[in-house]
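Need coordinates for the below:
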Amino acid sequence: MEKTLKARTDLSKYDNSWYKPGSFLKQLLWYFANRLFINTYLPYPMIIKRFVLEMFGARLAKGVVIKPKVNVKYPWFLVIGENAWIGENVWIDNLTMVTIESNVCLSQGCMLLTGNHNFTTSAFDLIVKPITIESGAWIGAKATVCPGVTVGSHAVLTVDSVATSNLEPYGIYQGNPAKFVKTRNLSR
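Just a heads-up that it's a prediction; the model follows:
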């Protein structure tokens, strides 16, 4: 048995009462709307998905494509630019703002995580930081973008990689944590 005098994690001290993402009623209504119209495989036309998301405060530009089974935590913390694609099974866990600029591609199953816990405190305090994905960036299938990260314009995060810090524009990043591997060169 480990003996230590160091502080220990005590989850009974966890207190996120400072975090106020919206009224209980708003969150409840969104939970059902999300399950019925967005986080489903039912093939609703984009006009219906757009209407539902905008009704709950999301700001969507023209040409946005949202594939089936996308999960959005709080649409009132979501901005999506022109012609962005949100792939099947994408999870936007936006406890705070997520900004997805124009022509961004989020591939199947990728995750945008705006929340984390402070593992240096015994109470495991909640931390929330915004995510920005700049124009033309591509987040590969099952890749993860962590809280506070800005993905630079036209950067690529490859399949199953994890971005824990900012990605420079036109950089291609791979691994966990994602490391720069080369520059993205566009031919046209």
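
List of residues touching stretch 179-188?
154-156, 158, 168, 170-174 (Cβ atoms under 8 Å, 6 or more residues apart in numbering). C-beta here means a position set from N, CA and C on the backbone, and glycine is covered the same way.

per-residue confidence for the residue nearest the centre of the chain?
Residue closest to the mean C-alpha point of the chain, counted by Cα atoms, centre = their mean, is Leu112 at 2.1 Å. Here, the pLDDT recorded for Leu112 equals 98.

Just checking: what are the partner strands of the host helix or strand of it?
Here Leu112 is covered by strand 111-113, with elements defined by DSSP states H and E. Paired neighbours of strand 111-113 in the sheet (DSSP bridges): strand 91-93 (parallel), strand 144-145 (parallel).

How far away from the center of its chain is that strand?
3 Å (Cα atoms, centre = their mean, to the nearest Å).

Show me what the next helix or strand after that strand is packed against.
Using DSSP H and E, the next helix or strand after strand 111-113 towards the C-terminus is strand 115-117. With contacts defined as 3 or more Cβ pairs under 8 Å, 6 or more residues apart in numbering; DSSP states H and E, strand 115-117 has these neighbours: strand 126-128.

And the helices in this structure?
For the chain, the helices defined by DSSP state H occupy 24-33, 46-55.

and the last one with helix 24-33, angle?
Note on geometry: by axes from the mean of the first three to the mean of the last three Cα atoms, to 10 degrees, helix 46-55 and helix 24-33 are set 170 degrees apart in direction.

What helices and strands are in contact with helix 46-55?
On a contact count with 3+ Cβ pairs under 8 Å, 6+ apart, helix 46-55 meets strand 59-60, strand 65-66.
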